[in-house]
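J.: sharing a model prediction with you, sequence too.
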Amino acid sequence: MTLPEGTPETNGAVSAPDEVVWEPMVREGSSLSPTFDDLTRQRTKEIIARYPQSRSALLPLLHLVQSVEGHVSQDGIRYCAEALELTTAEVSAVATFYTMYKRTPCGEHLVSVCTNTLCAALGGDDIYARLQAKLGTDGRPLGHEETSGEPGTPGSITLEHAECLAACDLAPVIQVNYEYFDNQTVESAEELVDALQRGEKPHPTRGAALTDFKTAELELAGIFPDLDRSVEGPSVSVQTLRGAQLAMDNGWVAPPMPDEPPALPDLPEKK
């Protein structure tokens, strides 16, 4: 129990817990989890070796885990913790902070609908609502980060609404496995999802050819089985460069920096 002054009651002296000495488990013969095979362990070593401090490799390692499991499981958290000599609490804090790390298994494709202000006003909310209804079952719309179909199987889709996909000039936008499909309508979004469920992979508006969620996660981890394919395709659009083109055509340039910074205004008198 806790005493009134807030001090936990004890029956004797309280001693500190023994210090934990962490030993990395990413080595040959480790039985941490059969999910993470020798190839994954080798890739883990390659990723860690890129950083002066091993803990800096946590973000790409979590993407590597997702490329294997399709989400970040408790086994995946423990795997990263022991590979980097971190606690599972430290890894969990990162995995639950960033929305790109999924805690439940994803489908073959992750479909992200932007519902931030501009996309929402131009139809993003309508697109999301239509896809929720389309992918739901028994009259129940599919919820945020829920999956239509068996996770990981061909044609399965995880749907999410995204706060911003950084493409306001092409709103409303959808991403599939983080590749852009710009200037969408309710009808074109439905057609896109239909094609994904049929096993097709429509080419994004910009960027590389579409793959699947696990392959995209492997690339986010910094592993590129097919680098040429990963960088093919245009990465910008006419709309994105319109401002820069107008400035060039009209000879507009930003004013130069002054030699001396301008004086700051006087502070108002205190009343």
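T.: Great, that's in hand.
J.: domains in the chain, by residue range?
T.: 21-103, 109-212+226-230 (automatic domain parsing).
J.: measure the longest one end to end?
T.: Domain 109-212+226-230 has its terminal residues 17 Å apart, counting by Cα to Cα, to the nearest Å.
J.: one step back: between the domains of the chain, which one is nearest to Glu219?
T.: With Cβ to Cβ, the closest approach to Glu219 among those belongs to domain 109-212+226-230: 5.8 Å. Any C-beta I mention is one placed from the backbone N, CA and C, and that applies to glycine too.
J.: now the domains of the chain as JSON lines including mean pLDDT and mean neighbour count?
T.: What follows is those, written out as JSON lines (pLDDT from 0 to 100; neighbours: other Cβ atoms under 10 Å):
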{"stretch": "domain 21-103", "mean pLDDT": "87", "mean neighbour count": "17"}
{"stretch": "domain 109-212+226-230", "mean pLDDT": "94", "mean neighbour count": "18"}
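J.: need those in TSV (columns: distance to Gly251).
T.: Putting the domains of the chain into TSV (distance: least, Cβ to Cβ, whole Å) gives the following:
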stretch	distance to Gly251
domain 21-103	42
domain 109-212+226-230	23
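J.: and of these, who's closest to Asp259?
T.: So among the domains of the chain, domain 109-212+226-230 is nearest, using Cβ to Cβ, at 35.5 Å.
J.: residues contacting Leu84?
T.: Counting by Cβ atoms under 8 Å, 6 or more residues apart in numbering, Leu84 makes contact with Pro24, Ile48, Ser54, Arg55, Ala57, Leu58, Leu61, Val91.
J.: equivalent analysis for Thr96, please.
T.: Thr96 sits in contact with Arg103, where contact means Cβ under 8 Å, 6+ apart.
J.: check the gap between it and Thr185 for me.
T.: According to Cβ to Cβ, to the nearest Å, Thr96 and Thr185 sit 35 Å apart.
J.: contacting residues for the most centrally placed residue in the chain?
T.: With distances taken as Cα atoms, centre = their mean, the chain has Met100 as the residue nearest its mean C-alpha position (2.4 Å). If a contact means Cβ under 8 Å, 6+ apart, then Met100 has His63, Leu220 as its contacts.
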